[in-house]
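Undergrad: Okay, sequence plus prediction incoming.
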Amino acid sequence: MGNRFASGKIAIAMCDRCGQQFKLKKLKTEIIKQRKYQLLVCPECWDPDQPQLMLGTFPVDDPQALRNPRKDTTYVTSGINVNGFTTGGSRDIQWGWNPVGGARFFDTDLTPNYLVLGAQVGTVTIQIGS
């Protein structure tokens with residue numbers, strides 16, 4: 001006994017989403033949340049399955065806390081840098097925004113300012129034609 005369906009080599013079908021005519025073999029099955037639906041859509045209307053719709057499908061273990069944490073002592077024990085200032089170790093932050101260094105007169109203890117601004121102004125000569 002032969003096949004129960006025709007081959008569909010030259011069959012015409014309509015996209016279930018936009019209504020345009022396409023060859024039946026060009027249409028794709030719509031998949032939403034890993035389930036196939038009875039929608040056949042054209043390549044322009046077809047959307048791949050959205051991974052964000054699968055949230056909760058797979059177990060996720062994402063612990064945030066550490067077991068036996070230790071406090072950061074590098075701020076106190078970091079030493080002196082080449083300029084003779086004590087450095088902050090892993091928390092030594094130098095800001096580069098208004099004013100350069102980020103420190104103002106009232107918070108120099110919290111944010112020491114070791115940055116120095118350097119700028120030059122020059123001229124540019126443009127020759128047109130030769």
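TA: All right, it came through fine.
Undergrad: Just to be sure, Y37 is in a strand?
TA: Yes. Counting by DSSP: H, G, I helix; E, B strand; the rest coil, Y37 is located in a strand.
Undergrad: Next, work out how far apart it and D16 are.
TA: 9 Å (CB to CB, to the nearest Å). The C-beta positions use only the backbone N, C-alpha and C, and glycine is treated the same way.
Undergrad: who has more neighbours, these two?
TA: Using other CB atoms under 10 Å, the more surrounded residue of Y37 and D16 is D16, with 15 against 12.
Undergrad: Find the nearest non-adjacent residue to that one, please.
TA: L39 (4.5 Å; CB to CB, 6 or more residues apart in numbering).
Undergrad: one step back: residues that sit against both of Y37 and D16, list them.
TA: Shared contacts of Y37 and D16 (CB atoms under 8 Å, 6 or more residues apart in numbering): E30.
Undergrad: Now do the strands in this protein.
TA: 12-14, 21-23, 28-32, 35-41 (DSSP state E).
Undergrad: Of those, give the one that comes closest to Q50.
TA: strand 28-32 (8.0 Å; CB to CB).
Undergrad: neighbouring strands for the closest one, and are they parallel or not?
TA: Sheet pairing for strand 28-32, assigned by DSSP bridges, gives strand 35-41 (antiparallel).
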